[in-house]
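[1] Quick one: sequence and predicted model below, then my questions.
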Amino acid sequence: MPEIGPAPLSRDERRRFCRDIADRLREVYGDRLLAVGVYGSVSRDADGPYSDIEMLCVLRDSDEPVEFSYEWAAGSCKAEVDVYSADVLLQDAATLGAKWPLTHGCYFSQWALYDPEGFFPRLRQAAESPTEEDFRRNIREVLVGEMYEFIGKVRNIRSRGPRTHLPFMAVKTAEYGAMLIGLHHRKLFSTGAMVLPEALELSDRPAGFDRLAQMVMSGELTDPEAIVSACEAFWNGLMEWADRHGYAFDTVRIPF
């Protein structure tokens, strides 16, 4: 039985496939098509032999907003084409979220295969529109929405189990800690695999982050007490860091 799954492709082969997809999109959407671009590792010339293809297909605005994806395996390669109406994509580019450092790189760098009306510069402009206060508000939301919840789960596990869930919580805590550092520095990470290493290169990290990140990257997640200790140390460092930068969340019992 032949091997099933990704097979190595040369960079030139992958780029030819991107152009073929763009040509097909022009056939399918005709005058509705506004722009087609490639994002991710392929757009940065950083793709490896097994990398997949990620593309944006932008349609002209119409009465109904458009937001869906084509995603398929084409033998040796996987491809994804995200199809948006222009207004939906511009709004998404201008909106911050907990994973902004990982999700918004596609709005700042594309390999444009079709863009006769200059849409992609407009998209970058939208992605650059959030203000300082927008970032500060988003950081506070991540502190409450993710980090506070994660340390609560770790403490629950410490008191009643199951300890088998601790490695997962360590990974999530480190990942979202990196997102906070990225948001603080307005830093876009290159890829999911590099979130922790690239966060460790940034200055002004909360105390305890380095220890937890190194633990996760090394895979040394078999000692429950060591995981709890690292998570608690990072939480304490995070609270000091948040207070120092004015990110500390309200402690009002009921704020409304």
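    That came through fine.
[2] Run through the stretch 101-250 of the chain and note the low-pLDDT ranges.
    By pLDDT under 70, the stretch 101-250 of the chain has no low-scoring segment.
[3] can you give me the helices for it?
    Assigned by DSSP state H, counting those that start in this stretch, the stretch 101-250 of the chain shows helices spanning 119-127, 132-142, 149-160, 166-185, 195-200, 209-218, 224-244.
[4] Buried residues in the fourth one, which are they?
    It stands for helix 166-185. Of all the residues in helix 166-185, those buried under the rule 16 or more other CB atoms under 10 Å are 166-167, 169-184. All C-beta atoms are positioned from the backbone trio N, CA, C, and that covers glycine.
[5] if we can go back for a sec, so which of the helices of the stretch 101-250 of the chain is the most surrounded?
    Comparing the helices of the stretch 101-250 of the chain by mean neighbour count (mean count of other CB atoms under 10 Å), helix 166-185 comes out on top with a mean of 22.
[6] That helix vs helix 149-160, what angle?
    160 degrees (axes from the mean of the first three to the mean of the last three CA atoms, to 10 degrees).
[7] and helix 166-185, what other elements does it pack with?
    In this structure, helix 166-185 makes packing contacts with helix 100-103, helix 132-142, helix 149-160, helix 195-200, helix 209-218, helix 224-244, judged by 3 or more CB pairs under 8 Å, 6 or more residues apart in numbering; DSSP states H and E.
[8] Export those helices to a markdown table and append columns for distance to Leu59.
    A markdown table is the format used below for those (distance: least, CB to CB, whole Å):
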| stretch | distance to Leu59 |
| --- | --- |
| helix 100-103 | 21 |
| helix 132-142 | 27 |
| helix 149-160 | 37 |
| helix 195-200 | 31 |
| helix 209-218 | 40 |
| helix 224-244 | 41 |
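[9] Per the annotation, how does the chain divide into domains?
    In terms of domains, the chain is parsed into 11-127, 132-244 (source: automatic domain parsing).
[10] Please report how far the closest residue to Ser76 other than its chain neighbours lies from Cys18.
    Nearest in space to Ser76, with sequence neighbours left out and distances taken as CB to CB, 6 or more residues apart in numbering, is Ala7 at 3.5 Å. When distance is defined by CB to CB, to the nearest Å, Ala7 is 17 Å away from Cys18.
[11] higher neighbour count, the two?
    Looking at Ala7 and Cys18 with other CB atoms under 10 Å, you find the greater number of neighbours at Cys18, namely 22 against 12.
[12] Could I get the average pLDDT for the helix or strand hosting that one?
    Assessed by DSSP states H and E, Cys18 sits inside helix 11-29. Along helix 11-29, the predicted confidence averages to a pLDDT of 96.
[13] what packs against the helix or strand following that helix?
    Tracing the chain C-terminally past helix 11-29 and defining elements by DSSP H and E, one meets strand 33-39 next. Helices and strands touching strand 33-39, as assessed by 3+ CB pairs under 8 Å, 6+ apart, comprise helix 11-29, strand 53-59, strand 111-114, helix 119-127.
[14] Which neighbouring elements make contact with the last one?
    The one in question is helix 119-127. By contact count (3+ CB pairs under 8 Å, 6+ apart), the secondary structure elements abutting helix 119-127 are strand 33-39, helix 86-93.
[15] Tell me how many other residues surround Cys77.
    Count around Cys77 with other CB under 10 Å applied: 18.
[16] quick one: it from Val42, how far?
    11 Å.
[17] Leaving out chain neighbours, which residue sits closest to the residue most central in space within the chain?
    For the chain, the residue lying nearest the average C-alpha position, counting by CA atoms, centre = their mean, turns out to be Leu102 (2.4 Å). Counting by CB to CB, 6+ apart, Leu102 lies nearest to Phe189, which is 5.3 Å off, once chain neighbours are set aside.
[18] quick one, what contacts the one you found?
    By CB atoms under 8 Å, 6 or more residues apart in numbering, the residues touching Phe189 are 101-102, 105, 178, 182, 195, 198-199.
[19] repeat for Ala86
    Counting by CB under 8 Å, 6+ apart, the residues that Ala86 touches are 34, 58-61, 119.
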